[in-house]
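1. A predicted structure for the sequence below; I have some questions about it.
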Amino acid sequence: MASDIVLAAKFIGAGLSMIGALGGGIGIGLSVQGAMGGMARNPDLYDTLFTNMILGIAFSEAIAIYCLVIAFLMLFVL
């Protein structure tokens, strides 16, 4: 009985830790939206905007990857 409660708590904790991945997805979407709008208004700045967009996507995705690592740690290590 106690092991079932611990197992349920692991699954709930892993699921809750993945809520942070939602923020990464929203950040990526807003980053691409802003870059596309800037590229449409000023095509001469395409290279600069594209580079900054890729960096922003990488940083946003890192947060989602950290959440995934924490979820795996909760499931398989604890």
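-> Received it, and whenever you're ready, just let me know what you need.

2. give me the contacts around stretch 61-71.
-> 14-15, 17-21, 23-25, 27-28 (CB atoms under 8 Å, 6 or more residues apart in numbering). (C-beta placed from N, C-alpha, C; glycine too.)

3. rerun at 6 Å
-> Contact with stretch 61-71 is made by 14, 17-18, 20-21, 24, as judged by CB atoms under 6 Å, 6 or more residues apart in numbering.

4. show me how to select, in PyMOL, the buried members of those residues.
-> Buried residues among the contacts of stretch 61-71 (16 or more other CB atoms under 10 Å), as a PyMOL selection:
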select buried, resi 14+17+21+24
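
5. which one of the contacts of stretch 61-71 sits closest to Asn42?
-> Gly24 (27.4 Å; CB to CB).

6. show me what contacts that closest one?
-> Gly24 neighbours (CB under 6 Å, 6+ apart): 60-61, 63-64.

7. could these be laid out in a markdown table, adding secondary structure, distance to Val77 and neighbour count?
-> Putting the contacts of Gly24 into a markdown table (DSSP: H, G, I helix; E, B strand; the rest coil; distance: CB to CB, whole Å; neighbours: other CB atoms under 10 Å) gives the following:
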| residue | secondary structure | distance to Val77 | neighbour count |
| --- | --- | --- | --- |
| Ser60 | helix | 26 | 19 |
| Glu61 | helix | 23 | 15 |
| Ile63 | helix | 21 | 16 |
| Ala64 | helix | 20 | 18 |
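
8. quick check: pLDDT value at Val77.
-> On the pLDDT scale, Val77 is placed at 86.

9. an error on my part: the question was meant for Ser60.
-> In this model, Ser60 carries a pLDDT of 87.

10. and what of Thr48?
-> At Thr48, the predicted lDDT confidence score is 89.

11. any idea how far it lies from Asn42?
-> Thr48 is 10 Å from Asn42, where distance means CB to CB, to the nearest Å.
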